[in-house]
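Enquirer: 3D, please:
(one chain, ligands or ions: 1)
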Amino acid sequence: MTPLRIASFALFLLTSALAIAQTTPSKSENVSARVRQIHNSAIVVDTHADTPQRFLDDNFDIGSTDPKDLGHVSLDKARAGNLGAEFFSIWVEPSFKGQYAHRAMDLIDSVYQQAARHPDRMMMAFSVDDIERAHKQKKLASLMGIEGGHAIENDLRLLRDFYKLGVRYMTLTWSNTNEWADSSGDISNPKIEHHNGLTDFGKQVVQEMNRLGIMVDISHVADKTFYDAVATSRAPVIASHSAARALSNHARNMTDDMLRAVTKNNGVVMVNFFSAFVDENYRKVYEAQRKDEEAAVAAFVAQRKAEGKPVSYAEYDRIQREWTAKIPRPPLKSLIDQIDHIAKIAGVDHVGLGSDFDGVSGATPEGIDSAADLPKITQGLLDRGYRADDIRKILGANLLRGFRDVERVSREMQTEQAGRQSGK
Ligand SMILES: [Zn+2]
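Expert: A predicted model of the protein is given here:
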């Protein structure tokens, strides 16, 4: 069978399974009244969803009510999970070489298009005040973060333009090392030219992000880049979607020492839900089959290229789901363990949720199939003995505090700059 046929068959099996699942009530409806009450009293913030690729490449409408849609984020799912704010990822795939900023702007536009289509249920947001305003109006606050510092094409002017377009965080790297920051994704590849962390220009990027009010996001970066970033940044940093290495030994995850450095920096680590980052057993099986998966994807891409057709998000997602379906999903407990570990090492004021929804296909822990399932995390934390106040911090208040600090530092730096320029 061709990879396409295998993938279609896998999709058939998956949709059949889904049809069966729909006849039984969703478990998230079964969380206790106390859990509902705590969960719904919070402003729930998720700092990473890859849905813009669906908007742009597949014409996905966030207002979709299609019961067969396997996606993690829609307005209905967000409402069911009381999701108050989503940071949509402007992920610039390195294959867009020569058009990084163009690709980023297309993805940014796709988020605005969705907000324009659903003004009654969704609004663009650029600040903590906006998030709170959206919450009062019962709308999903939609923010944006760039994933991959190569998107600025080594130009601080483009960084400033992205701020004006609404970008409020940027991961210094994605899985690829760029010309000013090392990534964890290729740090052990000797063929890649590395910089021992951040270059001088990389440090300027961090300072300009501080001045503008763009959160410095250290997800994906190499360890040395992380330490350079916290040493350089005047504002708290975030990890928009990272887990703890002590529980899953992935280079992309954070060591306990890094978690403690985030505490000192007053930053926030937003826990990624991707099973391979969350759970060590899953990670081992995933790593063992990764080469085969990559080969299957490459074969499919080559086949489509020969046919002169681009590969859509849905097609990538379908192949990835075929592979992730081979590995038993870790229990929800593994995700709660991650939150609990980071809360213990970094402190309960320094942990939040950065799902990676719509970026990890089917590879989320059991019970987490979309944003509608977020109340189960509240249930898990309450069962673990967490106080309601601390749960609300984890669900969103910590990120809002960090974001406010970033806004304050930006105002301070701009005042200082104005003072310098007027000679005071
Ligand atoms: Zn990512």
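Enquirer: what are the ranges of the strands in the stretch 51-200 of the chain?
Expert: 83-91, 122-124, 140-147, 167-171 (DSSP state E, counting those that start in this stretch).
Enquirer: wait, residue 238 sits on residue 266?
Expert: No - if you go by C-beta atoms under 8 Å, residue 238 and residue 266 don't touch, sitting 10.7 Å apart. Quick note: C-beta positions are derived from backbone N, CA and C, even for glycine.
Enquirer: CSV please, covering the strands of the stretch 51-200 of the chain and showing mean neighbour count.
Expert: CSV is the format used below for the strands of the stretch 51-200 of the chain (neighbours: other C-beta atoms under 10 Å):
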stretch, mean neighbour count
strand 83-91, 26
strand 122-124, 19
strand 140-147, 26
strand 167-171, 27
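Enquirer: can I get those strands in CSV with distance to residue 72 and mean pLDDT?
Expert: Output for the strands of the stretch 51-200 of the chain, formatted as CSV (distance: least, C-beta to C-beta, whole Å; pLDDT from 0 to 100):
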stretch, distance to residue 72, mean pLDDT
strand 83-91, 10, 98
strand 122-124, 16, 98
strand 140-147, 14, 98
strand 167-171, 19, 98
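Enquirer: residue 383: which of these is closest?
Expert: Shortest distance between residue 383 and those, using C-beta to C-beta, is found for strand 83-91: 21.1 Å.
Enquirer: next, the angle strand 140-147 makes with that closest one.
Expert: 30 degrees (axes from the mean of the first three to the mean of the last three C-alpha atoms, to 10 degrees).
Enquirer: on that earlier part again, reformat the strands of the stretch 51-200 of the chain as a markdown table; add distance to residue 411.
Expert: Shown next, in a markdown table, are these (distance: least, C-beta to C-beta, whole Å):
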| stretch | distance to residue 411 |
| --- | --- |
| strand 83-91 | 21 |
| strand 122-124 | 21 |
| strand 140-147 | 19 |
| strand 167-171 | 15 |
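Enquirer: contact partners for residue 199?
Expert: Residue 199 is in contact with 179, 180, 181, counting by C-beta atoms under 8 Å, 6 or more residues apart in numbering.
Enquirer: redo that, cut-off 7 Å
Expert: Residues counted as contacts of residue 199 (C-beta atoms under 7 Å, 6 or more residues apart in numbering) are residue 180.
Enquirer: for it, give me phi and psi.
Expert: In terms of degrees, to the nearest 10, the main-chain angles of residue 199 are phi -80, psi 180.
Enquirer: residue 411 versus that one, what's the distance?
Expert: 28 Å (C-beta to C-beta, to the nearest Å).
Enquirer: what do you get for residue 231?
Expert: The value you get for residue 231 to residue 411, if C-beta to C-beta is used, is 22 Å.
Enquirer: what does residue 82 give?
Expert: The value you get for residue 82 to residue 411, if C-beta to C-beta is used, is 31 Å.
Enquirer: if you count surrounding residues, which of the two has more?
Expert: residue 82 (22 against 11; other C-beta atoms under 10 Å).
Enquirer: okay, now the unreliable bits of the stretch 1-150 of the chain?
Expert: 1-29 (pLDDT under 70).
Enquirer: now the helices for it?
Expert: Assigned by DSSP state H, counting those that start in this stretch, the stretch 1-150 of the chain shows helices spanning 3-21, 33-40, 52-58, 75-80, 100-117, 128-136.
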